[in-house]
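Asks: no sequence for this one, just the structure:
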């Protein structure tokens, strides 16, 4: 009796398993899959036609999904993935020798609360793994538009790529082989924040609203040349380099011009000179140059500690700064009462050299002129890993004479005041500064008999002052 029941059940189970793809391809089976997908993805899904097979191909037509922050649709999708890989969908399966992946007429509508709405449309993507080698041919193109931006952008990737993923599904930067060309024209820069999953991405902020990026890379087992050019509203640069053993090197000096905004200033100055976190905007683009000699940066994992810059150069030019933070403390120390109640002021910077080693940014002497009258300077070290700073604020002879009427100071005299704390909250040692200034004022009032003391004071307990790089741009 049991045998008579068991045999038909086994046969039914075998047949059901064998014809499972066809069953799921029926309207009833498709509706079941849609309900499962909607519960998992937290959105609504429609699908006009589904055709599944155990060994492939898998086909879908007229799919549409609507979620909380993203809507997507496509006219057709065809892939030669085996059914079990199709349901376990991962990008690594597409680049394996499992047949072609072809998507046509795609559309992605990104509508997050914190970013302007972006629509990626006319998305076509073909990935064709080769059965004779480890490469997959890649051809992706799309148009991009935003209601907030007038221009329509385009995005294309063309070439071949291989050994992209580890068995775990992570990108294998050490073994990847690729011969790719990329072009993104009038690309909404805040889309990079979405792609990088970083709403506060400094790279996206540097680019401005729209950017055009084009370039190529030719890697074999993770090594080879790369060439990328950026032309955007906020950043212009051309990177020519090479990747060797998971490190990026420069083939030519990296030269960039940056249009400083409030967001960029807070991100850039945090790592270069936290004293000016209140920067608002620049009158002219800032210029930065990183020498190819001695430069290297580990790619995976990327950390600030593994970046080495032997020689860097930064010219901030003229910047409008908000009267606040450390800048306000320096102004109060100098007893510049005319700035009380002033919300913004102009600061003119002299160029500065810097270097980076083991996460420590060393900045040379940066001279600056506040409101075309007060000449100060800074120098020191910034730990980009711990975000701690060990810097010095320098009060020049001209500033001391103007604010405190102190005479008989050497022409190159600079009074040292420590700056400590963090990159987000630098602290000026006001007590030390006030004591030194008070001693100078007292010595000055006593007359020339203290001239030798005045010349000597301020250097006691201080290291030598870095020499100024003259002429200053305001001279």
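Replies: The structure has been received and is ready for your questions. Small disclaimer: the values here were computed from a predicted structure and weren't measured.
Asks: Next one: the residue nearest to the spatial centre of the chain from residue 209, what distance?
Replies: Residue closest to the mean C-alpha point of the chain, counted by Cα atoms, centre = their mean, is residue 203 at 3.3 Å. Using Cβ to Cβ, to the nearest Å, residue 203 is found at 14 Å from residue 209. Glycine gets a C-beta too; all of them are placed from N, C-alpha and C.
Asks: ok, now residue 22?
Replies: For residue 22, the distance to residue 209 (Cβ to Cβ) stands at 50 Å.
Asks: Compare the two (neighbour count), which wins?
Replies: For residue 22 versus residue 209, neighbours defined as other Cβ atoms under 10 Å are more numerous around residue 209 (16 against 13).
Asks: wait, what's in contact with that one?
Replies: 149, 188, 189, 190, 233 (Cβ atoms under 8 Å, 6 or more residues apart in numbering).
Asks: Can you turn the buried part of the residues you listed into a ChimeraX selection?
Replies: The buried residues among the contacts of residue 209 can be selected in ChimeraX (16 or more other Cβ atoms under 10 Å) with this line:
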select :149,188,189,190
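Asks: Looking at the contacts of residue 209, spot the one nearest residue 83.
Replies: For the contacts of residue 209, the closest approach to residue 83 (Cβ to Cβ) belongs to residue 188, at 37.2 Å.
Asks: Quick one, grab the pLDDT at the closest one.
Replies: pLDDT, residue 188: 85.
Asks: excluding its backbone neighbours, what's nearest it?
Replies: Closest residue to residue 188 in three dimensions, ignoring its sequence neighbours and counting by Cβ to Cβ, 6 or more residues apart in numbering: residue 146, at 5.1 Å.
Asks: what does residue 38 give?
Replies: residue 45 (5.2 Å).
Asks: For burial, what's the neighbour tally of that neighbour?
Replies: Using other Cβ under 10 Å, residue 45 has 16 neighbouring residues.
Asks: Could you give the bridge partners of it?
Replies: Beta-bridge partners recorded for residue 45 (DSSP bridges): residue 65.
Asks: for the stretch 51-200 of the chain, what spans make up the strands?
Replies: Listed in chain order, the strands of the stretch 51-200 of the chain (DSSP state E, counting those that start in this stretch) span residues 58-66, 70-79, 101-110, 118-129, 135-146, 149-162, 177-188.
Asks: Which strands border the third one, and is each parallel or antiparallel?
Replies: To tie it back to what came earlier, the one meant is strand 101-110. Strand pairing for strand 101-110, determined by DSSP bridges: strand 70-79 (antiparallel), strand 118-129 (antiparallel).
Asks: Ok, the fifth one next?
Replies: Take DSSP bridges as the rule and strand 135-146 pairs in its sheet with strand 118-129 (antiparallel), strand 149-162 (antiparallel).
Asks: Using a markdown table, please lay out those strands together with mean pLDDT and distance to residue 475.
Replies: As requested, the strands paired with strand 135-146 are arranged in a markdown table below (pLDDT from 0 to 100; distance: least, Cβ to Cβ, whole Å):
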| stretch | mean pLDDT | distance to residue 475 |
| --- | --- | --- |
| strand 118-129 | 91 | 48 |
| strand 149-162 | 87 | 42 |
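Asks: Columns distance to residue 401 on top of the ones you listed, output as a markdown table?
Replies: What follows is the strands paired with strand 135-146, written out as a markdown table (distance: least, Cβ to Cβ, whole Å):
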| stretch | distance to residue 401 |
| --- | --- |
| strand 118-129 | 56 |
| strand 149-162 | 52 |
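Asks: Need the strands paired with strand 101-110 in JSON lines (columns: distance to residue 398).
Replies: Listed next are the strands paired with strand 101-110 as JSON lines, based on distance: least, Cβ to Cβ, whole Å:
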{"stretch": "strand 70-79", "distance to residue 398": "58"}
{"stretch": "strand 118-129", "distance to residue 398": "51"}
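Asks: Sketch out the helices for this structure, chain order is fine.
Replies: Taking DSSP state H, the helices of the chain run over residues 2-18, 20-25, 27-41, 83-87, 91-94, 190-195, 202-207, 262-272, 325-333, 397-404, 430-446, 451-456.
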